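Undergrad: sequence first, predicted model second:
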Amino acid sequence: MITRQLNFKTHQRIRKPRLTTSTVCSKFHSYNHEHHLFDEIPQPDAAAVNRSMLNYMHRNRSATALDIFTKQFQYCSYPRNIDEVTVTLAVKACHGDPKPGCQIHGFAVSSGFISYVTVSNSLMSMYNKAGRFDSAMCIFDGMCYTDIVSWNTVLSGFRTSEGALSFACRMHSNGIALDPVTYCTVLAFCGEYEDFLFGLQLHSLVFKTGLDCEVFVGNALISMYSRWRRLREARNVFDEMRKRDVVSWNAILSGYSQERNHGLEAIILFIEMVREGMKLDHVSFTSAVSACGHEKNLRLGRQIHGLTVKSGYESHVSVGNVLISTYSKSGVNEDAGLVFQHLKNRNVISWTTMISMDEENAISLFNKMRLDGVYPNEVTFVGLIHAISNRKLVEAGLMIHGFCRKTGFLSKHNVCNSFITMYAQFESMDDSFKVFEELNFREIISWNALISGYAQNKLCQDALRTFLSAIMESTPNNYTFGSVLSAIGDAHSLKYGQRCHSFLIKLGSVTDPITAGALLDMYAKRGSICESQRVFSETPHRTQFAWTAIISAYAGHGDYDSVVELFYQMDKEGVKPDSITFLSVLSACSRKGSVEMGRHFFESMVKDYQIVPSPQHYASMVDMLGRAGKLEEAEELMSQMSGQPSFSLLQSLLGACTIHGNVEMAERVAGALMRMEPTESGSYVLLSNLYAEKGDWEMVAKIRRQMRDRGVRKEVGYSWLDNGDADGSLYLHGFSSGDKSHCRSEEICRMAKFLGLEMKFLRENMSDIDSVKQNMKELKESKGPQSVAAAAIQGWAENLPSVVPDTASEDAPQFSDDEDDDFQ
């Protein structure tokens, strides 16, 4: 085990001489004595002035050093006790402040000191620090003689890689021998992928000039390759270095830890670093703890946490932040909170991590953050809005929206996208669309958020219409197709899903795990399980997502044998199932009535895969036991849950009670359901049906009175019919039970009657065919030959397929009157 290999060595620390009060006082007196001696000199020479200024600068008293410089001008405009070193020190003492720097620049020009290279170099450095690179470049262009420091100073002032790399080429073409500082500066600019070849050329130059033995150059190469995610090359540079310092170790360690799939290498490297006796700093600890978070190695993470305490880095803000994040990822929120409490200087990252982790207290943490004087950033609001959305805190969401509008955070796209998602979860798509319309620039992420919101709220027509608008303005990505395919699977015609499939093939994205899974699900929902299987078979890299999608597809079609076979095949190929996979398997077992296999998979999920059962898993088990008539066992399993049973679980148990006629248990369960959701009609209807089956019409009447008194209405199911033209125009007609609002409702009813006759004909095994034909003939003659029903009957008579509705919802097996929902 890696955790056992972490044997930290203890080293004797060299004790530094302890500074006693007398020592400090003596040094203080010596500094004062030196200052008095300098003041007593009537006309100090340049060497004395330089020495005094340098002493103050070493003690971080640059303002005093500047005072000494200005005092030399009290008696004459051009004092003789000032030389080029004095001017150089004065410029350095400005620390990038352009106000005194410009004054010294003017003096250097008028006095002629500007001709000295050291003075010009210091002035260029000062202007770079002040952010006035143009002024530094003017000085460089006016220099008669330049050295390597001049070139490096200008090189460090560039803000873009294009300008810096162009200037480096100019250096090389002018015959300037690049030194280690030059290479380190240029390599730092080679961060973009376009600069990859330039970085490789620099690496070859380093070999040619023999500077590969320089530690600083090696560190810069490691950092460059790590930014490009070329960790193998970075490790080669690290291994070939003769000398390594803590920066070398931290550079390769950071490269590994930033890549989530190299966490193990980072941990091994950190252990090796400790064994080498390297002095660890906050960068070392940050990278190591981050790698433990990626690997979910909580035990080793705790050991490194203990080492940070011993090394005195526990209170360092960056170490504390990554510890909070690691404990949060591991589900140990209490430890994350303790680390947060012990942090002295909490920054915006500390607060944002806690807000994202603790959704229950996110708003109070946000208020405490503001009281602590820490200003939030856009990531803070993204985490806060996510917490508000999950908890459905509508009022708090409106307040935060107003706060962001006042503080200007609505200019941040990620914040606006979060608000689009938030209002979608509040089932307020009008507000989502308003936020979307206010965007100055609509990126594909914004379109995805709106499409996903429509799909989640079952506004599938709006989702498809938004998708069609999105592909006109932006380039869709995998998440775009994932959302729209979900909407198509819920309500739309199969042909729109096929069009999306064709689009994905053209883009070359059909093998992506997200889009492949969405295609599988869409075809399965539209009843085309063969197409689902074909998509799965054509997927080259079958991830956990793809396996779960195909298992869920077969589970939705009730194909128990295929579900079990695919599950064992998935396990054989070494793909670990997740909680959703097991939920689909349990659902298939429930529909099949295979109680023993269901118990086996449930126990395997807990014991073999260490997956904590969710309320959905318990609901599937209760449904399975209830269908099998094991109601007492189902109720006992429900009592083993931690927390209150969910609404869907209780509804499954009530349905089972209705099937098996257990009135006593049904009354208990229905009472709990009505307390949870007083306006949900399903509980009343199921209990009323049970009383009706038992002949207790008095209780049936009582239930109906309760529904009227509480304003409970049965939710009407909708079906959708694709009535588009041959040119592919979008026209979807929604209808419910008894809906006669359509202009051709009479023909639709005749078609339904015909379909019923055809189904009856098939059910009776083709018997009495002459009687059926006679009925069809009469039906045909009741309306002219131009009617849709007559055309369909004529097609059937000729053994041709009839026109049938695209899909029908399971919720609407009957007809009733509800307003139709045409969409053109």
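TA: Nice, thanks for sending it over. Residues are numbered from 1 along each chain as shown.

Undergrad: quick one: the spatially closest residue to residue 378 that is not a sequence neighbour from residue 421, how far?
TA: Closest residue to residue 378 apart from its sequence neighbours, by C-beta to C-beta, 6 or more residues apart in numbering: residue 412 at 4.2 Å. Every residue, glycine included, has its C-beta placed from N, CA and C. Separation of residue 412 from residue 421 (C-beta to C-beta, to the nearest Å): 14 Å.

Undergrad: ok, back up a step: quick check: phi and psi at the residue nearest to residue 378.
TA: Note on residue 412: its backbone torsions stand at phi -90, psi 120 [degrees, to the nearest 10].

Undergrad: quick one: contacts for residue 614?
TA: Contact analysis of residue 614 by C-beta atoms under 8 Å, 6 or more residues apart in numbering lists 579, 583.

Undergrad: got a pLDDT number for it?
TA: At residue 614, the pLDDT value in this model is 85.

Undergrad: ok, so what distance separates it from residue 586?
TA: Residue 614 is 11 Å from residue 586, by C-beta to C-beta.

Undergrad: close enough to count as contact, residue 262 and residue 231?
TA: Yes. In this structure, residue 262 is within contact of residue 231 by C-beta atoms under 8 Å, at 6.2 Å.

Undergrad: quick check: neighbours shared by these two?
TA: Taking C-beta under 8 Å, 6+ apart as the contact criterion, the residues that touch both residue 262 and residue 231 are 255, 256.

Undergrad: and the strands in this structure?
TA: In the chain, the segments counted as strands under DSSP state E are 719-722, 732-735.

Undergrad: weakest of those by average pLDDT?
TA: strand 719-722 (a mean of 65).

Undergrad: output the below-cut-off pLDDT ranges for this protein.
TA: 1-43, 74-78, 192-194, 491-493, 715-733, 765-824 (pLDDT under 70).

Undergrad: how near is the closest residue to residue 241 other than its chain neighbours to residue 207?
TA: Of all residues not flanking residue 241 in the chain, residue 218 sits nearest, at 4.6 Å (C-beta to C-beta, 6+ apart). Separation of residue 218 from residue 207 (C-beta to C-beta) stands at 12 Å.

Undergrad: which of those two has more neighbours?
TA: residue 218 (26 against 9; other C-beta atoms under 10 Å).

Undergrad: so what's that one up against?
TA: Taking C-beta under 8 Å, 6+ apart, one finds 212, 237, 238, 241, 244, 248 in contact with residue 218.

Undergrad: any idea how far residue 225 is from it?
TA: Residue 218 is 11 Å from residue 225, by C-beta to C-beta.

Undergrad: need the overlap of contacts for those two.
TA: Common neighbours of residue 218 and residue 225 (C-beta under 8 Å, 6+ apart) are residue 237.

Undergrad: thinking again about what came up before, so which of the contacts of residue 218 wins on neighbours?
TA: Highest neighbour count within the contacts of residue 218, by other C-beta under 10 Å: residue 237, with 25 neighbours.

Undergrad: residues contacting that residue?
TA: 218, 221, 222, 225.

Undergrad: can you select the buried ones among these for me in ChimeraX?
TA: If you want just the buried ones from the contacts of residue 237 in ChimeraX, going by 16 or more other C-beta atoms under 10 Å, the selection is:
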select :218,221,222,225
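
Undergrad: from the contacts of residue 237, which land in helices?
TA: Among those, DSSP state H puts 218, 221, 222, 225 in helices.

Undergrad: look up how far residue 136 lies from the spatially closest residue to the last one that is not a sequence neighbour.
TA: Taking C-beta to C-beta, 6+ apart as the measure, residue 225 lies nearest to residue 234, with 3.7 Å between them; neighbours along the chain are not counted. When C-beta to C-beta is applied, the distance between residue 234 and residue 136 equals 33 Å.

Undergrad: can you check residue 616 too?
TA: From residue 616 to residue 136 the distance is 64 Å (C-beta to C-beta).

Undergrad: thank you, goodbye.
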